[in-house]
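**Student:** Give the three-dimensional model of this entry:
(chains A, B and C)
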Amino acid sequence: MILTQEALKLPQINYVALSPMLILFGAATVGVLVEAFAGRGRRYPVQLGLSLVSLVAALVMVVRVAHTRELTAGGAVAVDGPALFLEGTLAVLGIVALLLVAERSLEPGGPFVAVAAVTAGTEADRVQAQRRDAGTEVYPLLLFALGGMMLFVSANDLLTMFVALEVFSLPLYLMCGLARRRRLLSQEAALKYFLLGAFASAFFLFGIAMIYGYAGQINFAAIHEAIQSSTNDRILLYLGLALLAIGLLFKAAAVPFHVWTPDVYQGAPTPVTAFMAACTKVAAFGALLRVIYVAFERTAWDLRLVIGGIAVLTMVVGSVLAVTQTDIKRLLAYSSIANAGYLLVGVLAVGGNGNHDGLASSMFYLVAYGFSVVAAFGVVTLVRDADGEATHLSRWAGLGRRSPLYAGLFTFLLLAFAGIPLTSGFTSKFAVFGAALASGQAWLVVLGAITSVILAFPYLRVVVLVWLSEPGENTPTVSIPGALTSAALAIGALATLLLGIAPQPLLDLSSRAAEFVR
Amino acid sequence: MTSVAILAEAAGRVGTGEAITFWVLTPVALVGAIGMVWARNAVHSALFLVLTMLSLGVFYVLQAGPFIGMVQIIVYTGAIIMLFLFVLMLVGRDASDSLIETLRGQRTAAIVLGVGFAGLICTMLARGLTSMADKGLGAANKDGNVQGIAALLFTRYVFAFEVTSALLITAAVGAMILAHVEKRKEDKVNQPAMMRRRFAPGNYPGPKPGPGVFATSNSVATPARLPDGTPADRSISPILPVRELTAAEAAPKGTEE
Amino acid sequence: MHYATASGTLSSVWLLIAIPLASAAILLLLGRRADRWGHWLGVGSVFVAFILGLVYFFALRGLPAGPGSYRGADRTLFTFLDVGKLKVTFGLLFDPLSAIFVLLITGVGFLIHLYAVGYMADDPGRRRFFGYFNLFVAAMLTLVLGDNYLITFIGWEGVGLASYLLIAFWFDRPSATTAGKKAFIMNRVGDVGLLTAMFLMFAAFGSVSFSDVFGAVGRAGSTTVLMLGLLLLLGACGKSGQFPLQAWLPDAMEGPTPVSALIHAATMVTAGVYLIARSNPIFSANLAAQTVVVAVGAFTLMIGAIIGCAKDDIKRVLAWSTVSQIGYMFLGVGLGGVAYALALIHLLAHGFFKAGLFLGAGSVMHAMNDQTDIRRFGGLWRYMRITWVTFGLAWLAILGIPPLSGFFSKDPIIEAAFNRAGWSGWLFGTAALVGAGLTAFYMTRLFVLTFHGPKRWTDAETPGGPAAVHPHESPPVMTVPLILLGIGSLAAGALMATPVKDWLLPVFNNPAEETASHLSTLTVTLLTLLVVLVGAGVAVALFRTGTELVEQPAGPVVTAARRNLYGDAVNEALFEKPGLYLTRALVYLDGKGIDGLVNGLAAAVGGGSGRLRRTQTGFVRTYALSMLGGALLVVAAMLVVTLG
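**Tutor:** Okay, here's the model as predicted:
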């Protein structure tokens, strides 16, 4: 039987509106070809240039299509305010993270391993550790991940969302395992992330099946309709929603799906950690916001208690566990978990008037946090000794004496995480809590305030350690960063300061963008 | 009757043959799944998985989804599981490792939680599905099963379908990164260089002496002795740690008795 | 309540904050290059701010007092946050209340900066010190100039940070860093109060600006107002070292003496008083909240005075005296009505004489090789005349001897306490009166032991014994501020009492003078004088001939006082011990680099944290298991919530 031509109406695809992610996918593919055909010596500059140009181009295209509000590609992709805002955020944070990834002056060859296939700890590994070059596959992987994230935040049906989830996860798993130093730790992190990520994806997929069973559709608008009109048993809907949420909360690093975070953050090469902490968070929360606000708005009331409980758990566990961490990367990982809790508070401002505010403030939070966290991990890459980065906290004692500038910068960033006024950390927390209050979530806000006090303690401990103790013999030196890291640090710190002093332009922008199309 | 009509008809009711097939294959699928987790041997696990996958493929065909059923069999059992087996054979199967659970309570908790989760999902699904009328299969298979899937892939999910290519490229790149060691030009050694290195000062060009297993010990960790009685370090493989021999190793060979 | 928009001279009121802030930035960013001249920049910037403060003060006086409102200039700089319903502007409010504080902060601040030039002359970190000091001034000015609670909160956090940095300034002393952390944590507890109060305001009134909140208080339910009052009080207690958060303030004396004088005596610790005075419409609207403030004030002033009697460290005595005197101010602001103004007058007077006392103590320590034990002083009046005279003036002032400033500021508070209606008036009045007697006792003890009686300069820690101590008068850069502050203690009370009261009363809605209900003014004055003289007399009689050099066994009361009335022990029993038990599971996480967990609450958190940490085993199967457990939990919760 032949399908008639008119039955198969090909969907309209607005290529211009989709161009940011298309550019990234295209550039990533070209990057893979560069890996295959360019000479070893020439790959680094070509890859770096290609990635930077494509990210800037993507950013330019986001700005060019900023006023697009439509569903395209047969309703599979939504190009609307939040999608474009978050795509722009991802592009900018991606550029900053790329600068860290590409830094090669801190140690010969940069933070990535030259040949990942060499077994760690063998003679060949010791030989390659001396090599002054590094694998450049990380650049196309980064672009693939960013493209996937962009699709993730703009996907308008569950299948596209799932594909996007896998598209950005797989490069991340790989990138985690590419550290030049402490390779076993790095590979272990990659494997853990991969296994647990696959586990979470299974939940996500299972959830999709349930929701399809309930709604007969996986398109967000259709699900929204079905919640009102479907006669099926709602158990399917709630089961599906819960399972779906697990997949998303895993990426967002919310308790109890956070277990991978500290290990992976610690094991992964620090620039990749910075990238994950900033961009994965944006992607995960972007998708969570879209799923909840677009598809499941009518169940928001039911969601509140469950997601609220998770938010509380996340804030409490993240902040309490941060207290006893002795490794700076783990500490920042727990801090990122706690921040996921604050973001969930913003997400929960769904329903009624808070809808718009919750969305706008959450998006603002994502931007503010992303910049700070990239810069913070950027500083972590600088503190190093002969064995690479010195991440154990005791090694940081007295760093303020060795290098007041970078210690001061780090202190500033920690104060921002602690939510001290005049930093972006304060304005963003305030915005999120304000939105949550407006929609009547006072209990979350109170818990948020309490946990942020607890969280201030570990940050403070680091500040004390850095400034108020004598440098010991094994206090590592702070390397002079190259131009790329300097640029990343400057951008991150400046954004943290600016968003703390004059947040209004970005607040306005996020507020204008805070409208989903359905 | 055309295949379309058969499919359309199959949507509405459960025939006797279908029921029998289902009840025969369900235990098989379950045994396969449990066996996969339970088996101590990795090859057995993989074969158990084949069993489950095959059963699932048959289920899909029964459910009027011949395309997915075939794909299931071809891709999973034909390609993926075979790859698993190849890898297992290459790596060498070793049943001895990682079968003892060192974490206290891990197994119990895993079983309790797993059963709990499965129980919860199953009871809830059963509750949710009893009142549900099946619908839409006929419409979906109106123009044929494969055609229906093709129509969806090229219309509504065309973007997701295309983006999957990024996933595949990433997977290929990942496999390359993790498995391929690129030989650099300067690493390649030609014959003259090898000879030069062999006869360079400081390198002993002859074969190395064997270990001292002659009369005193069975252990290859026993160094051979030079004419003056000192141990020859070169006689032991560098990967063997230097250690004291145990009494049994150092004991004379049992031929004397 | 509405404030007129600032115009003319007053529209540049932001300069007050900008100048010290710029100076701080220069000092901290330029690094060693500024070492030579940095301290003068620091002094100069505060001086300029003081002159500006005077200019604005006179400009404010020149404004007509409008009907239904009072003089005040509101300067909106820019919109700080505009999220949904919440709109917060970065606005500054210059009104009589903030004007008084601006003059106190910049005036006394300038003198103490000047003094610090001499005091810190030999310290290699002097430039850094002035950087922090200027930062503090800028933050404190932000605190008192903000026109909404958020800006006040920004300043509030800023002074906390600066205070923390300055307490721990000598970070090579472990006690200093511990004290710094203690201060920070207790302050954070208070901050939660303030922050929660802000959220409550936003939830109840939709705004955190002073004018909106105060305008809406009348319409709010009494529970809301009570909650607001208690939360604000918690914040105020944290910052001002009031019960139950008093323990950090005496420990904060680990910092350099000018810090103790400026931050922990004259200005920052009075921020709590400012907060309550500023929030007077909230407190006036709820009697229960007021009563709690009064009770906290009365209780704290008693414990501060009692502990002060038993301490032998010159700075610790002064620190507990500060706790006690701020208790008087809390008593005042809690009483409400005219007593708001009385409390602020006492705050001003206290700013002068306590700064003088601290600087005098610093001068003595400077002379005695940093000895702080008053049992090892004695007879110093002969060697340090200027310090002796100025210290004496401040001493008489804090006692409340007419015509020095304390007489005009403290006695009216005692009187107002007696005038509170009902039996509580008697209770609080008596507490205040007894407190005055105790104050007289411990301050006289301090004064006599330091400057009079036989020399007891044996110093176990100084090598060379008594011969190595050569007391000398301090350099002019230190004595000039002492003299000026001495004059302040002498004259400020008489000069300021009435005009300042008239100046401030409009802020508090022009309350009517209360008539004496229990005791007449004359009775209270005479009674107070009598109690003070008795206290001072007893002290003179006991300590005229010196004292033992080591702590003597004493009765339970004295022992209790020596142990800070077991405040630390209570903290320990309530928070620290349970925390420690929890922490036992935790392997001592911090090797050498990381200090132990100082505070009880932190220890409790740390203990819980240690337990939780053990779930992070590193095995991926455990992680997967925990995820499965989480999934089960989430699914079950979702079903329970939606179907149950």
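
**Student:** So which residues of the chain form strands?
**Tutor:** No chain was given, so I picked chain A. For chain A, the strands defined by DSSP state E occupy A:70-72, A:77-79, A:383-385, A:388-389, A:477-478.

**Student:** Wait, chain C was what I had in mind.
**Tutor:** Under DSSP E, chain C gives strands at C:4-5, C:73-83, C:86-94.

**Student:** Show me the domain layout of chain B.
**Tutor:** B:3-94+B:107-142, B:144-183, B:208-252 (automatic domain parsing).

**Student:** Quick check: which ranges of chain B have low pLDDT?
**Tutor:** B:1-14, B:92-101, B:184-187, B:212-219, B:240-257 (pLDDT under 70).

**Student:** Most tightly packed of the strands of chain C?
**Tutor:** Sort the strands of chain C by mean neighbour count, taking mean count of other C-beta atoms under 10 Å in any protein chain shown, and strand C:86-94 sits at the top with a mean of 23. Using the backbone N, CA and C atoms, a C-beta is placed for each residue, glycine as well.

**Student:** which residues are contacting that strand?
**Tutor:** Strand C:86-94 has contacts (C-beta atoms under 8 Å, 6 or more residues apart in numbering or on different chains) with A:434, A:438, C:3, C:6, C:10, C:13-14, C:17, C:56, C:60, C:72-82, C:102, C:145-148, C:150-151, C:202, C:206-210.

**Student:** how about 7 Å then?
**Tutor:** A:434, C:3, C:6, C:10, C:13-14, C:56, C:60, C:72-81, C:145-148, C:150-151, C:202, C:208, C:210 (C-beta atoms under 7 Å, 6 or more residues apart in numbering or on different chains).

**Student:** ok, now stretch C:439-447?
**Tutor:** So stretch C:439-447 is contacted by C:305, C:308-309, C:314, C:317, C:321, C:324, C:374, C:391-392, C:395, C:398-399, C:532, C:535-536, C:538-540, C:543 (C-beta under 7 Å, 6+ apart).

**Student:** Same check on stretch A:131-138?
**Tutor:** Counting by C-beta under 7 Å, 6+ apart, A:35, A:40, A:43-44, A:47, A:101, A:108-110, A:112-116, A:175, A:178, A:180, B:173, B:177 sit against stretch A:131-138.

**Student:** ok so, going back, pull out the buried members of the contacts of stretch C:439-447.
**Tutor:** Among the contacts of stretch C:439-447, the ones that count as buried by 16 or more other C-beta atoms under 10 Å in any protein chain shown are C:305, C:308-309, C:314, C:317, C:321, C:324, C:374, C:391-392, C:395, C:398-399, C:532, C:535-536, C:539-540, C:543.

**Student:** Run through the residues that contact the residue lying closest to C:Arg621 once chain neighbours are set aside.
**Tutor:** Sequence neighbours aside, B:Gln106 is the residue nearest to C:Arg621 in space, at 6.5 Å (criterion: C-beta to C-beta, 6 or more residues apart in numbering or on different chains). Contact analysis of B:Gln106 by C-beta under 7 Å, 6+ apart lists C:621-622, C:625.

**Student:** at 10 Å instead, please
**Tutor:** C:617, C:619, C:621-622, C:625 (C-beta atoms under 10 Å, 6 or more residues apart in numbering or on different chains).

**Student:** next one: A:Tyr342
**Tutor:** With C-beta under 10 Å, 6+ apart, A:Tyr342 has these contacts: A:311, A:314-315, A:318-319, A:362, A:365, A:369, A:419, A:425, A:428-429, A:432-433, A:436, A:444-445, A:448, A:451-452, A:455.

**Student:** can you check A:Leu241 too?
**Tutor:** By C-beta under 10 Å, 6+ apart, A:Leu241 lies in contact with A:207, A:210-211, A:214, A:223, A:227, A:234, A:291-292, A:295-296, A:299, A:302-303, A:306, C:634-635, C:638, C:642.

**Student:** Filter those residues down to the ones in helices?
**Tutor:** A:207, A:210-211, A:214, A:223, A:227, A:234, A:302-303, A:306, C:634-635, C:638, C:642 (DSSP state H).

**Student:** which SS state does the residue located most distally from the centre of chain B fall under?
**Tutor:** Distance from the C-alpha centroid of chain B peaks at B:Asp228, with 54.0 Å (C-alpha atoms, centre = their mean). Following DSSP: H, G, I helix; E, B strand; the rest coil, the label given to B:Asp228 is coil.

**Student:** how near is it to chain A?
**Tutor:** 32 Å (C-beta to the nearest C-beta, to the nearest Å).

**Student:** next one: phi and psi at that residue?
**Tutor:** Dihedral angles of B:Asp228 (phi, psi; degrees, to the nearest 10) stand at phi -80, psi 10.

**Student:** list the buried ones in stretch A:212-230?
**Tutor:** In stretch A:212-230, counting by 16+ other C-beta under 10 Å, buried: A:212-215, A:217-227, A:230.

**Student:** And that stretch, end to end?
**Tutor:** 12 Å (C-alpha to C-alpha, to the nearest Å).

**Student:** Does chain B have contacts with that stretch?
**Tutor:** Yes: applying C-beta under 10 Å from any C-beta of the partner chain, one finds stretch A:212-230 touching chain B at A:213-214, A:216, A:218-219.

**Student:** who in the stretch 101-250 of chain B is up against chain C?
**Tutor:** B:101-103, B:105-107, B:109-110, B:112-114, B:116-121, B:124, B:127.

**Student:** and those, which are buried?
**Tutor:** Buried among those by 16+ other C-beta under 10 Å: B:109-110, B:113, B:117, B:120-121, B:124.

**Student:** Helices - which of those residues land there?
**Tutor:** Per DSSP H, these map to helices at B:109-110, B:113, B:117, B:120-121, B:124.

**Student:** The stretch 251-400 of chain A: helices as residue ranges?
**Tutor:** Using DSSP state H, counting those that start in this stretch, the helices assigned to the stretch 251-400 of chain A run over residues A:260-267, A:270-275, A:281-290, A:300-323, A:328-347, A:354-382, A:399-402.

**Student:** same thing with chain B?
**Tutor:** B:3-12, B:16-38, B:42-62, B:66-71, B:81-91, B:106-130, B:137-140, B:145-154, B:158-179, B:191-198, B:247-250.

**Student:** Could you do the stretch 151-300 of chain C as well?
**Tutor:** C:174-205, C:210-217, C:222-240, C:248-251, C:257-261, C:271-278, C:280-284, C:287-310.

**Student:** could the ones you listed go into TSV alongside distance to A:Asp508 and mean pLDDT?
**Tutor:** Converted to TSV, the helices of the stretch 151-300 of chain C look like this (distance: least, C-beta to C-beta, whole Å; pLDDT from 0 to 100):
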stretch	distance to A:Asp508	mean pLDDT
helix C:174-205	20	76
helix C:210-217	22	84
helix C:222-240	31	86
helix C:248-251	41	78
helix C:257-261	42	79
helix C:271-278	31	89
helix C:280-284	32	86
helix C:287-310	38	85
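
**Student:** Test my guess that A:Ala449 contacts A:Gly419.
**Tutor:** Yes: if you go by C-beta atoms under 10 Å, A:Ala449 and A:Gly419 touch, sitting 9.2 Å apart.
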